[in-house]
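Asks: pasted the sequence and its predicted model underneath.
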Amino acid sequence: MNSIQSQKKLLDGINKGQSDIITLIDDVQDRNWLKSLALSAVSYSIDIQKTLIEGAIKYNEGNVELVDRKTKLELYDILSISINPVQEDDDDDDPWNNDEEEKEPGEQQQVIELPRFLIMPPERLALEFAAKGEINRLNVLLDKYPDTTNKYQFAILDAIPISVPPTAYLNILPSDEQVTDWYINRATRMDAVGRQLDNALSLIQHGAARGVLGLDKIGEDLILLLRMAEYNHAVGLKDLQSMSYDDSIEAYMIGSTPQDFSTRIKKAILPYLYVLESQNERDTGIVDNEFHERLLTDILLNAGVTNVLSILEASRPDLSLSERVLKDDKYVVALALAAIYTNDRSDILDIIQRVFECMPAWEGGSPTRLRNVVDLKKGSASAIVQHLKNLEIADLGSLLDHLDIHIESLEILARWSINISLLQLELSDYNQQLNWAKTLTRRSVGVLGENIESGSEWEALLDDMVKLSDNEDGRALGLLENNVVVKTFFSGLLNSGKFELAKELLSSSDSALSSLDKKVVTDIVLETSQEFFDNATDGDLSYGYMKLSNDVLDVDQAKSQTITSHKEFIWATSKLCSYNLKNIEGMQITPLEVRLESNKMVFIDKLLNTRRDGYQHPDRIISLAVGLDDALRCNSKGQVDVLSRIIDAAIRYQDYKEAYRITQSEDFQQKLTLAQDEEDARWISYYKLGIEEKWKSHNERLNCLAQAMTLCPDTKIDMILSEWKKLDSNLSTMTVNIPEKKKEKDASDALASILSPITVESQTRNLLSGGLRALKSVGSVASASTMSNSSSQVPSSSGLAQQRSFNLGLEEKLTRGVGWLIGADE
């Protein structure tokens, strides 16, 4: 069956009143058509309409129109029941009842036309039932449609005839809550339509004047909204009522500037906070007069120090109370101190000065530091305000006096381009203040004298630094003694390269620098020189940090040995750097590397290794070494060690004649004071030169070996004698005219016999006597070697004495050596 046929068949069934309408409904495929039919069939009987509606709902589940039509059909069934008109009950109990009067017969309620009933809105039906006095029907209708009561309650009540007793419509009469709701809803609509806030507030005020309860909250909200509307037109009554506290504050202060901040606080925020305080009191039953103040403190402190200043300027003590935003002077002081001392900004000196100008002129009590009263590190700013507000006026006056001192310190520091916060100043310790003192005088380091040029400026800086020092009343340098400040200033003056000014101030009796102890001056000069020295990238004394390092030493007029030694070290370092020596990384050495090297001989070795002609200038090398290491100045052993290094370099470059010349010099052969069991290392130089086979001067070599035997440890005699014997043997084979050749041979044999193994104890005595005889031969050989070295010259008496001394030393040495060989005691 197609759709049109099923629809036609259903219509025919309805018109003929067939009993199988439900089945016909199921055959209809077009659900929308079925819905339209059910809603438009108002002229059919109620039973047919119910069947159509239920069938349509079956296939259009949840449709609002169909459900509403079903509700009305059910309501119509109820309302169609014939009910007698309303009669007054308990007539017998009515003392005013006139028994003689006949009771009017009750009228039957009129039958309601179904089509009209279905299309009429519920509120129209309610008004019609009320006007006809059909209270029972009205009650049934209102039970089904309760929203109608809420919206049209008063119109319905007005429509009920006055003859109907109130007992018949008690459930319709408005309660207190409903009256209140009506006022509230009316005011809300006034705001929503055209933002008629004035009218809405007037309505609520009139309602409250007439005793309507529950209007306080909306009245407060309307007042607050009126305040907010001056600055923010985007917020409506419902928006305000749904806002959190933070959102409300933000809405009040939107677009605020420091110029209008205090005005908004006074006209908008404070009324809002008073309302919150009142509401809190109603909710908790507890009177808390500081409730609004705590909220206000958080708002102000979070608004920033610039806005706090705006509030303080609008709350100055010289204003009348009506003009002031904040009327409690103790609260004003507490707020000011907390706002500026908990702020870590260093660029608000001007604001701090203006804040101080807004404070009351109170006489302070005993000196008080803020850090001793509150915890500035851990305490919140709001808690600090509450704590300070509870202090006595005298204590707050002392804190203001302390603030005055701090402001003066900040002004002085700012004058010299140093900006710090009040919090830093209040919490500063000795090290922090010492660092500020150094910063005051070293701002120009790097670009010397950039900020302070004239001597008068430096003297003014010194005066300011002294003014800030040696007083524990909170000054910026109060923890530093005067002499510490003066020393710091002097150091900074030198670091700025103002050497001539430093000399002038040191010699001037009017300057604080003249009070410095000479040793202190020396120490600071040396410290400054070293600082320049360490910053130098090369050793050039004609410019830059090396020049400054050298020139600053002239400031010390005492000219102590320490200053002289340091000058020599600078000179030696400069000289060393000029040789372009390299470090292990292949870079040119810097002055700092030279200073940090504990063993300065490392650089002497580098110089001798890289400069081929370096050994040819032993005096210069010695001077350089003494300059690098002042300990060598009076250290003969140290200087001899340097000469040994020069000898090694000469041997390395095969300049044996120069090496021999140095070994025979008075500087190298000077008498050394050695500790017990300390080895005289010069024997090594003699030995190295004596065994150098490339050197053909055999007599000088023999002399060197003989000198090595004189100085070497006992354990080395055997080694040196062996070399001496080998050289002597080679010399004997040469075709040369050597006097007393036979004696040399005897001496050689004697030495060989000394070195031969001892197997019999009885040979000891003979060995010792033979050894001593051999010593004489060795001495003669050494003498011959020496004489042959200078065969063209007649030895002087001193030379002979030196030779005799040498021979005796050699005999003594060999005697000890023999004793060692045979294991004899001394």
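Replies: Perfect, thanks for sending it. Numbers count the residues shown, from 1 in each chain.
Asks: contacts and neighbour counts: CA atoms only from here.
Replies: Fine.
Asks: doesn't residue 299 make contact with residue 307?
Replies: No. Counting by Cα atoms under 8 Å, residue 307 sits too far from residue 299 to count as a contact (10.3 Å).
Asks: who's more crowded, those two?
Replies: The neighbour count for residue 307 versus residue 299, taken as other Cα atoms under 10 Å, is higher for residue 307 (20 against 17).
Asks: three-state assignment of that one?
Replies: Secondary structure, DSSP: H, G, I helix; E, B strand; the rest coil: residue 307 is helix.
Asks: give me the nearest residue to it, chain neighbours excluded.
Replies: residue 258 (5.2 Å; Cα to Cα, 6 or more residues apart in numbering).
Asks: likewise for residue 506?
Replies: Leaving aside its sequence neighbours, residue 506 sits nearest to residue 514 (Cα to Cα, 6+ apart; 4.6 Å).
Asks: next: residue 335.
Replies: Nearest non-adjacent residue to residue 335 (Cα to Cα, 6+ apart): residue 385, at 5.5 Å.
Asks: quick check: that neighbour vs residue 297, distance?
Replies: Applying Cα to Cα, to the nearest Å, the value for residue 385 to residue 297 is 8 Å.
Asks: what sits in contact with each of those two?
Replies: Common contacts of residue 385 and residue 297, defined by Cα atoms under 8 Å, 6 or more residues apart in numbering, comprise residue 335.
Asks: looking at those two, which is more packed in?
Replies: residue 385 (25 against 20).
Asks: for the more buried one, which three-state class applies?
Replies: Three-state call for residue 385 (three-state DSSP): helix.
Asks: what's near enough to touch residue 327?
Replies: 315, 321.
Asks: now the end-to-end length of stretch 354-374.
Replies: 23 Å.
Asks: list the buried residues in it.
Replies: 355, 356, 358, 359, 360, 364, 368, 369, 370, 374 (16 or more other Cα atoms under 10 Å).
Asks: out of those residues, what pair is the most spread apart?
Replies: Spatially, the most separated pair among the buried residues of stretch 354-374 is 358 and 374, at 22.3 Å (Cα to Cα).
Asks: follow-up on the earlier one: I'd say the residue nearest to residue 335 and residue 340 touch.
Replies: No. Assessed by Cα under 8 Å, residue 385 is found out of contact with residue 340, at 11.5 Å.
Asks: so where's the stretch 601-750 of the chain shaky on pLDDT?
Replies: Within the stretch 601-750 of the chain, the ranges that satisfy pLDDT under 70 run 734-750.
Asks: repeat that for 90
Replies: 611-612, 633-634, 673-678, 696, 728-750 (pLDDT under 90).
Asks: lowest confidence element among the helices and strands of this protein?
Replies: One helix or strand of the chain scores below all others by mean pLDDT, DSSP states H and E: helix 763-789, with a mean of 38.
Asks: chain neighbours aside, what residue packs nearest to residue 190?
Replies: Nearest residue to residue 190, sequence neighbours excluded (Cα to Cα, 6+ apart): residue 196, at 5.3 Å.
Asks: phi and psi next, for that neighbour.
Replies: Backbone torsions of residue 196, given as degrees, to the nearest 10, read phi -80, psi 70.
Asks: test my guess that it contacts residue 188.
Replies: No. Residue 196 is beyond contact range of residue 188, at 9.5 Å (criterion: Cα under 8 Å).
Asks: that older thread, the residue nearest to residue 190: neighbour count?
Replies: When neighbours are defined as other Cα under 10 Å, residue 196 has 14 of them.
Asks: give me the pLDDT value at it.
Replies: pLDDT, residue 196: 86.
Asks: what about the helices in the stretch 201-350 of the chain?
Replies: Using DSSP state H, counting those that start in this stretch, the helices of the stretch 201-350 of the chain run over 216-229, 237-242, 245-253, 261-264, 270-284, 291-302, 305-313, 329-341, 349-357.
Asks: with the stretch 501-650 of the chain instead?
Replies: So, for the stretch 501-650 of the chain - with DSSP H, counting those that start in this stretch - the helices run 518-535, 544-551, 561-578, 591-596, 601-610, 618-628, 636-652.
Asks: need those in TSV with distance to residue 222 and mean neighbour count, can you?
Replies: Supplementary listing: the helices of the stretch 501-650 of the chain in TSV, determined by distance: least, Cα to Cα, whole Å; neighbours: other Cα atoms under 10 Å:
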stretch	distance to residue 222	mean neighbour count
helix 518-535	73	19
helix 544-551	76	22
helix 561-578	85	19
helix 591-596	78	17
helix 601-610	91	17
helix 618-628	90	20
helix 636-652	99	21
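Asks: mind giving me TSV with the ones you listed and columns for distance to residue 238?
Replies: Converted to TSV, the helices of the stretch 501-650 of the chain look like this (distance: least, Cα to Cα, whole Å):
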stretch	distance to residue 238
helix 518-535	72
helix 544-551	75
helix 561-578	84
helix 591-596	76
helix 601-610	88
helix 618-628	88
helix 636-652	97
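Asks: tell me if I'm right that residue 308 and residue 302 touch.
Replies: No. Judged on Cα under 8 Å, residue 308 makes no contact with residue 302 at a distance of 9.2 Å.
Asks: how far is stretch 164-179 from where the chain is centred?
Replies: Computed by Cα atoms, centre = their mean, to the nearest Å, the chain-centroid distance of stretch 164-179 equals 71 Å.
Asks: what residues sit buried inside that stretch?
Replies: Buried, per 16+ other Cα under 10 Å, within stretch 164-179: 164, 168, 169, 172, 174, 179.
Asks: and the end-to-end length of it?
Replies: Terminal residues of stretch 164-179 are spaced 22 Å apart (Cα to Cα).
Asks: next one: stretch 663-675
Replies: Start-to-end, stretch 663-675 (Cα to Cα) is 22 Å.
Asks: just the buried residues of it, please?
Replies: 663, 668.
Asks: still on that earlier bit, so which of the buried residues of stretch 164-179 are in helices?
Replies: Here DSSP state H is the test, and the buried residues of stretch 164-179 give residue 179 as lying in helices.
Asks: most widely separated two among the buried residues of stretch 164-179?
Replies: 164 and 179 (22.3 Å).
Asks: residues near residue 454, how many?
Replies: Residue 454 has 11 neighbours, counted by other Cα under 10 Å.
Asks: swap that for residue 4, sorry
Replies: If you count neighbours by other Cα under 10 Å, residue 4 ends up with 12.
Asks: so how far is residue 28 from it?
Replies: From residue 4 over to residue 28 the distance is 9 Å, taken as Cα to Cα.
Asks: grab the nearest non-local neighbour of residue 369.
Replies: Nearest residue to residue 369, sequence neighbours excluded (Cα to Cα, 6+ apart): residue 399, at 6.5 Å.
Asks: and the one you found, how far from residue 380?
Replies: Here the criterion is Cα to Cα. By it, residue 399 lies 18 Å from residue 380.
Asks: kindly report the same for residue 116.
Replies: 74 Å.
Asks: check residue 414 too.
Replies: Look at residue 414 and residue 380: by Cα to Cα, they are 28 Å apart.
Asks: got it, and residue 142?
Replies: Remark: distance between residue 142 and residue 380 (Cα to Cα) = 60 Å.
Asks: those two - which one has more neighbours?
Replies: residue 142 (21 against 13).
Asks: pretty sure the more buried one is touching residue 126, no?
Replies: Yes. Here residue 142 lies in contact with residue 126, judged by Cα under 8 Å, at a distance of 7.4 Å.
Asks: in the stretch 51-200 of the chain, what residue spans correspond to strands?
Replies: Applying DSSP state E, counting those that start in this stretch to the stretch 51-200 of the chain gives no strands.
Asks: tell me the one of the buried residues of stretch 164-179 nearest residue 279?
Replies: Once Cα to Cα is applied, the member of these that ends up nearest residue 279 is residue 179, at 22.2 Å.
Asks: for the closest one, give me its contacts.
Replies: Going by Cα under 8 Å, 6+ apart, residue 179 touches residue 212.
Asks: equivalent analysis for residue 371, please.
Replies: Contacts of residue 371 (Cα under 8 Å, 6+ apart): 426, 427.
Asks: dump the helix or strand that contains it to CSV, keeping only the CA atoms.
Replies: Residue 371 belongs to helix 370-373 when assigned by DSSP states H and E. C-alpha atoms of helix 370-373 as CSV (Å, rounded to 0.1, in the frame of the first residue of the first chain):
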residue,chain,number,x,y,z
LEU,A,370,62.6,47.2,60.4
ARG,A,371,64.4,43.9,60.0
ASN,A,372,64.3,43.5,63.8
VAL,A,373,60.6,44.1,63.8
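Asks: lovely, talk soon.
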